[in-house]
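Enquirer: can't give you the sequence, but here's the structure:
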């Protein structure tokens, strides 16, 4: 017989067990039908009784008779209600967790994806054309001298705690970057801003120190809720809101964040564009592509942006998934070091004069060698084998999508091993000792007998780039190069790249945006070892001048800037500081059960408040 | 006893300083810096980068940075630099990437790591001890041989490979073949409302596969150790005496043999505790278990210096404390050692 | 009870059988017992499992180190030849173990990769042994001050969370096979060092060493005749295990991307990529790991076998 104590514990156990088990019951999401009434007019055929006066034949009698006629009449019809199902969650995968949910402190992509759904901004890219269009503003005006941008902030948008969104939030966000002494990688967004003038609740001025046609996208950071922070910006860095953003104004509200696992956002019923139909959106971290693909197939996750091309066929075979292919705003290239990798020097001295001590690359300074390498690379094979066909070749530094600046007259340098070999011979590189590797015999910059040996670096872990490097090593080996391929861990790679201590690299740019300006990569003032990104030591004063003109063009009209950029592309095509490989095409995969998706090449979450689960 | 402990603690201080200096110098000399990889965008100018470096205090000579790390940078009186109080005052600094307190970041993940490694160690003991004992008692028999071969096999299999194979077979392939499959990672499935489930079954099915893989080493080691110990103990005189006294076989086994055989387990307590914290780095990465191991590996790849150093300090403290505990425990159990 | 009684009274035995037995006892007593090493050799020779392990290991070493070249030439494959057209193909006539993600033959890569993995294993173990024995012997033999310094150093080294330091240093020194070997060697010797030191302490206390000292036997002779022979078995026993441990360590590091980087193949880094290729190429996941497991298993079995053969106190507990 169990003693009383034992009975008590028995029942306690039962109680606990039932509590646990009841928590197991997973709630089924409710689908609420929302009735939408519309006014519809239709032409309806119906019978009508009409009185007519008829003259009876033979007699002068007039009689009224009732006659039924068939008549077409327009009527207002109440249609059967169409319901957009409410509720449900959409899960999206990512390989990396977000780092910080504050738009002015983050640079990584996952963080941006999440906080873009929480915080609106002054402007955004049109999903289909990439053009800058207003988001939380109604529009902006530029002053005559091109230095002042005046923004008009939209009315009727509210933070999730009820406070209205005003121009103060816009001003505060940027003032924090300017004066707040923050440790933010976004400091350069405010580099050219001289002052910010808050005129009233809906108007704010940004005054720049010089005309800069590329400045506008920098003003597109998400706005912080000014009323949640101290006016002296001192509590921004360590604020709990950076990981628990409870005051937001986007389509979703923050619910929870479990590090390295997932972030859950739920619908914001007061979203100014209309309450989302979905109940929420989950951002899930998976360790690698295999698991991501798995979970897509089993519908554990719904959206996977940027799936690797090798899964293309597998994905197209899945009946419950849709694919959307779009060209990235970036390109992959082979970069050539034209300075001396053993003694990297800045191109310009402090006073702006040319640094005489800047070295010359013993092999790659000769443009014929660079042409030879370009001709020796079978770009089409790379696109079809390594990218599984998801890419388009590129000849110069501006993306085809930027139509007003793209130069389409450049002749593609097609794969031609003979031509490459001939160019090398002409440049003074021949294999006279028969070891398969050419040496310098009358070449321009190297000593007699120097072997044609180069090192090639890329970031380890990026399979596409590693594969390209291996193929490159092979193909260049066939015409007498000896290529030493070294995949490097990311940080070491970046250090070596920007430190200019390499011969060749395979790397890519992404998120280039809609402006064709690339002073950062080709202007001589950015040839600064360990500091800036003209790590190829490219130097062409004409390009410097053209880029500068185009960037500071008064009025910033595309008709004025376009021709300048086209000329830059011609020069770069001739100088070949890079071998441009391709513009990658990315693949967005999503589950068919999500309705309302309308993906564009620049964005696909732009109408997330209109998505629903079928 | 207390004098011994105090003496050991005092000895630990210069050790601690020595290894932290060494590690600090190594970490900060590694190529690449966190600013560059955060601002890998040609549109960000060099000026902004330099400013960021100055704010974070990473543009100073290494020894000065070490001093700042240890005692804070108040003595430098530079208003542009982020103020820090130094680890001796408990300020481990902020992550250079996530911009928030390192201790907070670690605190969020400690629980997950301890859950995984704790479960693995527990399974290791619960299975290893009886297996080892039984193998010793039935020495030479089939169970003995089988368990010894299995133990060596468990030790030889690379842990990360075992994880890969288990995931390949039981998560990926089983799912393809429509068999009940295990999840391929994570700590839990999300509920329909996007929150972590409290369903015990779900938590278990996420916990057990990585814990079991992690437990293979402890099972192997514990069972072999127990076997050797029990064999040694069984031949001792006091066992014979106990039998001669007429005690039942069970009493002999449990009261005398087992208790003495368990002694060496105490000595490995130190390394075990250390293992609890850092031992699951690779497993956590493969199974995407949100624990400290992954945090540390990622911090290394991103050159997040404060996190790397904090992880290291915690690890070192864990090792020192573990060894100390081990010695003290052994001293309690075996009085011969105390006299040393 | 009864047998003991009978044995204790040999003189009582009568009859032919008893006389034969007594004679045999006499012969046995006169014959010299096999020496330590010979006895160990006999014990090893009887241990079929260990012999099998030796065999398998020998085959692996032979194939990877000596025969890699001839085999790949005979089969017409090259570990570095890329051929993106045949990505991920499973085992076929031309590629016996299939190809990887850029079309390189897996068998060739396993053979050449084995060179690296095994090489790092053996050479790092060599460094560990050399440094460990030297330091441990010095500490054990000279004692007192030297011992204190060494112990302090060892304790410090041990206080460093090993894997964390490895992670950090791997990132710094971009290891190739040589630097990785040196690093692993220089950080892992403390274990064997302690054991050797302990062993020497034990030996130093024995009567015959004390006697030798008292007699004024020169140091070198003492070390050579008394101390070393007691230390060598321990070292041999641990050698096999250490090689196994190093191979596991190298493969774990390379797997994480911190050890030897591709395109140089090692069994560990062949598995790094394999993680993402589960569905596309399961053969890439299986074979490198299998090689590591088999080699390390053999080494551990050999280590156990050696211990059983060389440690007389354990011969009874086998």
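Expert: Alright, I've got the coordinates. Only a predicted model underlies this, so the values are computations on that prediction, with no experimental measurement involved.

Enquirer: where along the stretch 151-300 of chain A do the strands fall?
Expert: A:193-200, A:203-208, A:252-258, A:262-267, A:280-285 (DSSP state E, counting those that start in this stretch).

Enquirer: could those strands be laid out in a markdown table, adding distance to chain B?
Expert: No exception for glycine: its C-beta is placed from N, CA and C like everyone else's. What follows is the strands of the stretch 151-300 of chain A, written out as a markdown table (distance: least, Cβ to the nearest Cβ, whole Å):
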| stretch | distance to chain B |
| --- | --- |
| strand A:193-200 | 13 |
| strand A:203-208 | 15 |
| strand A:252-258 | 6 |
| strand A:262-267 | 4 |
| strand A:280-285 | 5 |
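
Enquirer: want to throw the ones you listed into a markdown table with distance to chain C and mean pLDDT?
Expert: Formatted as a markdown table, the strands of the stretch 151-300 of chain A follow (distance: least, Cβ to the nearest Cβ, whole Å; pLDDT from 0 to 100):
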| stretch | distance to chain C | mean pLDDT |
| --- | --- | --- |
| strand A:193-200 | 38 | 91 |
| strand A:203-208 | 41 | 92 |
| strand A:252-258 | 23 | 91 |
| strand A:262-267 | 21 | 92 |
| strand A:280-285 | 16 | 90 |
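
Enquirer: how about those strands in CSV, adding mean neighbour count and distance to residue A:500?
Expert: As requested, the strands of the stretch 151-300 of chain A are exported to CSV (neighbours: other Cβ atoms under 10 Å in any protein chain shown; distance: least, Cβ to Cβ, whole Å):
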stretch, mean neighbour count, distance to residue A:500
strand A:193-200, 14, 31
strand A:203-208, 20, 31
strand A:252-258, 20, 40
strand A:262-267, 24, 39
strand A:280-285, 23, 35
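
Enquirer: could you list the residues in contact with stretch A:106-115?
Expert: A:92, A:94, A:96-103, A:185-186, A:222, A:245, A:263, A:265, A:283, A:605, B:38-39, B:41 (Cβ atoms under 8 Å, 6 or more residues apart in numbering or on different chains).

Enquirer: the strands of the stretch 151-300 of chain A: which one's closest to residue A:398?
Expert: Residue A:398 sits nearest to strand A:203-208 of all the strands of the stretch 151-300 of chain A, at 24.3 Å, using Cβ to Cβ.

Enquirer: ok, that closest one: who's next to it in the sheet?
Expert: strand A:148-153 (antiparallel), strand A:193-200 (antiparallel) (DSSP bridges).

Enquirer: how about residues contacting that strand?
Expert: By Cβ under 8 Å, 6+ apart, the residues outside strand A:203-208 that reach it are A:147-153, A:167, A:170-171, A:174, A:192-199, A:215, A:219.

Enquirer: ok so residue A:335 is a strand residue?
Expert: Yes. According to DSSP: H, G, I helix; E, B strand; the rest coil, residue A:335 belongs to a strand.

Enquirer: list the contacts for it?
Expert: The neighbours of residue A:335, taking Cβ under 8 Å, 6+ apart as the test, are A:504-507, A:535-536, A:577-578.

Enquirer: nearest residue to the most centrally placed residue in chain C other than its sequence neighbours?
Expert: In chain C, the residue lying closest to the centroid (Cα atoms, centre = their mean) is residue C:240, at 1.4 Å. Closest residue to residue C:240 apart from its sequence neighbours, by Cβ to Cβ, 6 or more residues apart in numbering or on different chains: residue C:303 at 3.6 Å.

Enquirer: dump the residue contacts of that neighbour.
Expert: By Cβ under 8 Å, 6+ apart, the neighbours of residue C:303 are C:237-241, C:244.

Enquirer: roughly how far does the spatially most central residue of chain A sit from residue A:108?
Expert: Centroid-nearest residue in chain A, with Cα atoms, centre = their mean: residue A:511, separated by 4.8 Å. Between residue A:511 and residue A:108 the computed distance is 11 Å (Cβ to Cβ, to the nearest Å).

Enquirer: closest residue of the stretch 1-150 of chain C to chain B?
Expert: Going by Cβ to the nearest Cβ, chain B is nearest to residue C:49 of the stretch 1-150 of chain C, at 8.6 Å.

Enquirer: report the buried residues of whichever helix or strand that residue is part of.
Expert: Following DSSP states H and E, one finds residue C:49 within helix C:48-61. Judged by neighbour count (16 or more other Cβ atoms under 10 Å in any protein chain shown), helix C:48-61 contains these buried residues: C:49-50, C:53-54, C:56-57, C:60-61.
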